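Sharing a model prediction with you, sequence too.
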Amino acid sequence: MGNNNSSDNMASFEPCRTKMEKEGIAPSAISAFESTFKSLVSGNTGIIPESTISPVPELVHTDSISTAPNSALLAETVVLKLNGGLGTGMGLDKAKSLLEVKNGDTFLDLTAKQVMCMREEFGENVKFMLMNSFSTSDDTLEFFQTKYPSLAAEEGLEMLQNKVPKLDATTYAPATCESDSSNEWCPPGHGDLYAALIGSGRLDGLLASGYKYMFVSNSDNLGATLDLKILTHFATVDASFMMECCERTENDKKGGHLAIRDSDKHLILRESAMCADEDEAAFQDITKHRFFNTNNLWIRLDKLKEIVDKFGGFIPLPMILNSKTVDPKDDKSQKVVQLETAMGAAIECFDGASAVIVPRTRFAPVKKCNDLLLLRSDAYVITDDFRPVLNPACGGAAPVVALDSKKYKMVGQLEEATKDGVPSLVDCKRLTIKGVVRMGRSTRFVGDVSITNKSDEAKFISGKIENATLDVSEEVGLGALKPTVVATAPIAGQKPGTSGLRKKTKE
């Protein structure tokens, strides 16, 4: 890591402050970044040792909540979607939420329809907000102005995420990139939600307008709708902050988990980057640490204001440190560290914070092409209130899709593979594809299917494939046509350039 992390030789924050002020970044964001920066230069690694935490005991499951839903709370509630991601990991160069999900609808289409449906159902104009980034703002606002002008016209629809300097990995001074100065900045993680609420004046504005509760979730998680039963529970137990958790399975063992900090009995979030190598086994023990954060959060805005005031204008969140290069496309460029924070980590800052277990239906994010293919297929259906849910015909278990991570990392590669239509997965248990294949509407996978294509040429899979392991490497492919040269000679009496015999002509 760096060499300037002793108290005698501590790197100064002032160059960062100057750079951020020159860029016009809000004081709340500068204070939050200063807190994270000081954590870095003091030698803090962000590691949370297993010896300092205890597992979380039983939590309330929302299925067991018997409190009668109170629709009057909706007038005091704001729904906020985090919409800052570009989806670069899936090969996108626009807001990930503008990706088509199903039946011609994008994530944002379904989100907008969910909001309007909820307003109609409860007769209450539930407030809706987006936290966009500089990268997603233009595309997103244009989308709303074109397709949902009534939502676009609402005051305070957009709040912008901040940006923070990348730091030289050795000196912790702001990094520089002569080829593209925009590479000198990075997003501060979704923990920036709090600094953005404060710096934009939105927190004070919402409180002044009588809003008390905020429900936050990721824009790619269409299962995270405003649930009146959960809102009523949050209000009834008078929690300051509540995290929706799911029970960890084998597939979740590498993701962060909820824990109790022994020193003050506070709930905390431990991400994989906060785990020491020697604690890896305990971190991944899903029978010990049983709950993970869905990033669906409920926040009492008045309690958030109290914490912000207590700390002088920001929330001190635990640091997440990522080692990168200043130019992400050039491995030889300056080595940098990017400091991030996670919004769920704020759970440790709230006295009286709690957590609940929610069904998996409330956690359906799209992170890879595997998820996107599943969502686009008939294994998922769209409900009357515009939520994608598992098709009842699947029997409660979603198919496990494992596409070749090299051949289907990018959305464009998946779209090429399914340009003749999305295959049927409703009767599929597991689908594994290695190599380049093409599928279509006529393709139906049933049971456990594995397909391998070792050749460079795409192979088309059609019809019903049931409980099969296929190697299609030698099958006829869909590559470029390879014409065969055949020797030909003119036919007697045939006029050149015609397909038929020449009619007799007058001499």
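That came through, no problem. Numbering: from 1, shown residues only.

how far away is residue 254 from residue 289?
12 Å (C-beta to C-beta, to the nearest Å). Bear in mind the C-beta positions are built from the backbone N, C-alpha and C, glycine included.

Now do the shared contacts for these two.
Common neighbours of residue 254 and residue 289, counting by C-beta atoms under 8 Å, 6 or more residues apart in numbering, are absent.

Please identify which of the two sits among more neighbours.
Using other C-beta atoms under 10 Å, the more surrounded residue of residue 254 and residue 289 is residue 289, with 22 against 12.

What sits closest to that one if chain neighbours are left out?
Leaving aside its sequence neighbours, residue 289 sits nearest to residue 257 (C-beta to C-beta, 6 or more residues apart in numbering; 4.0 Å).

contacting residues for that neighbour?
With C-beta under 8 Å, 6+ apart, residue 257 has these contacts: 248, 269-270, 283, 289-293.

So which of the residues you listed sit within helices?
Counting by DSSP state H, the contacts of residue 257 place residue 283 in helices.

now the residue positioned nearest the centre of the chain: how far from residue 88?
Taking C-alpha atoms, centre = their mean, the centroid of the chain lies closest to residue 220, which sits 5.2 Å from it. For residue 220, the distance to residue 88 equals 13 Å [C-beta to C-beta].

Just give the closest residue to residue 188, not the sequence neighbours.
Closest to residue 188 by C-beta to C-beta, 6+ apart is residue 164, at 4.5 Å.

quick one: the helices in the stretch 51-200 of the chain?
Applying DSSP state H, counting those that start in this stretch to the stretch 51-200 of the chain gives helices spanning 107-122, 137-147, 149-152, 192-199.

So what touches the shortest one?
Spelled out, it's helix 149-152. 112, 115-116, 128, 141, 144-145, 157.

As JSON lines, these with neighbour count would be great.
Shown next, in JSON lines, are these (neighbours: other C-beta atoms under 10 Å):
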{"residue": "112", "neighbour count": "21"}
{"residue": "115", "neighbour count": "21"}
{"residue": "116", "neighbour count": "16"}
{"residue": "128", "neighbour count": "21"}
{"residue": "141", "neighbour count": "15"}
{"residue": "144", "neighbour count": "19"}
{"residue": "145", "neighbour count": "12"}
{"residue": "157", "neighbour count": "17"}
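
And the furthest pair within those?
For the contacts of helix 149-152, the farthest-apart pair by C-beta to C-beta is 116 and 141; their separation is 17.7 Å.

can you pull the pLDDT of the closest residue to residue 207 other than its chain neighbours?
Distances taken as C-beta to C-beta, 6+ apart put residue 301 closest to residue 207, at 5.7 Å, once the chain neighbours are dropped. With respect to pLDDT, residue 301 scores 98.

my read: residue 301 touches residue 206, true?
Yes - with contact defined as C-beta atoms under 8 Å, residue 301 counts as touching residue 206 (5.8 Å).

Give the intersection of the neighbour lists for the two.
With C-beta under 8 Å, 6+ apart, residue 301 and residue 206 have common neighbours residue 214.

Neighbour count: those two, which is higher?
Between residue 301 and residue 206, residue 206 has the larger neighbour count (other C-beta under 10 Å), namely 24 against 20.

Kindly provide the distance from that one to residue 129.
For residue 206, the distance to residue 129 - C-beta to C-beta - is 9 Å.

Now list whatever residues contact both of these two.
With C-beta under 8 Å, 6+ apart, residue 206 and residue 129 have common neighbours residue 78.

residue contacts, the closest residue in space to residue 223 that isn't next to it in sequence?
Sequence neighbours aside, residue 364 is the residue nearest to residue 223 in space, at 4.1 Å (criterion: C-beta to C-beta, 6+ apart). Shown in contact with residue 364 (C-beta under 8 Å, 6+ apart): 221-223, 371, 375, 388.

sorry, back to before: could you say which one of the helices of the stretch 51-200 of the chain comes nearest to residue 320?
helix 192-199 (12.1 Å).

same question for that closest one, mean pLDDT?
Mean predicted confidence for helix 192-199 is 93.

for it, packing partners?
Contact analysis of helix 192-199 by 3 or more C-beta pairs under 8 Å, 6 or more residues apart in numbering; DSSP states H and E lists helix 27-41, strand 158-160, helix 301-310 as its packing neighbours.

Run a quick neighbour tally on residue 121.
Neighbour tally, residue 121, other C-beta under 10 Å: 13.

Surely it touches residue 385?
Yes - counting by C-beta under 8 Å, residue 121 touches residue 385, with 7.4 Å between them.

Make a markdown table out of the helices and strands packed on helix 192-199 and add distance to residue 342.
Shown next, in a markdown table, are the helices and strands packed on helix 192-199 (distance: least, C-beta to C-beta, whole Å):
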| stretch | distance to residue 342 |
| --- | --- |
| helix 27-41 | 12 |
| strand 158-160 | 18 |
| helix 301-310 | 16 |
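
Pick the most buried one from those.
Highest mean neighbour count among the helices and strands packed on helix 192-199 (mean count of other C-beta atoms under 10 Å): helix 27-41, with a mean of 21.

Could you export that helix as PDB, CA atoms only?
Only the C-alpha atoms of helix 27-41 are listed here, as PDB (Å, rounded to 0.1, in the frame of the first residue of the first chain):
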ATOM      1  CA  PRO A  27     -19.000  20.700   1.500                       C
ATOM      2  CA  SER A  28     -20.900  17.600   2.800                       C
ATOM      3  CA  ALA A  29     -19.200  15.400   0.200                       C
ATOM      4  CA  ILE A  30     -15.800  17.000   0.900                       C
ATOM      5  CA  SER A  31     -16.200  16.400   4.700                       C
ATOM      6  CA  ALA A  32     -17.300  12.800   4.000                       C
ATOM      7  CA  PHE A  33     -14.300  12.100   1.800                       C
ATOM      8  CA  GLU A  34     -12.000  13.800   4.300                       C
ATOM      9  CA  SER A  35     -13.300  11.300   7.000                       C
ATOM     10  CA  THR A  36     -12.500   8.400   4.700                       C
ATOM     11  CA  PHE A  37      -9.100   9.900   3.600                       C
ATOM     12  CA  LYS A  38      -8.100  10.300   7.300                       C
ATOM     13  CA  SER A  39      -9.100   6.700   7.900                       C
ATOM     14  CA  LEU A  40      -6.700   5.700   5.000                       C
ATOM     15  CA  VAL A  41      -3.700   7.700   6.000                       C
END
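
Residues contacting it, please?
2, 4-5, 10-11, 13, 16-17, 20-21, 46, 162, 164, 167, 172, 188, 191-192, 194-196, 198-199, 308, 312-319, 321, 337, 339, 341.

And stretch 383-399, by the same measure?
Outside stretch 383-399, the residues touching it (C-beta under 8 Å, 6+ apart) are 101-102, 110, 113-114, 117-118, 121, 222-223, 225, 361, 364, 374-375, 378-382, 425-431, 445.
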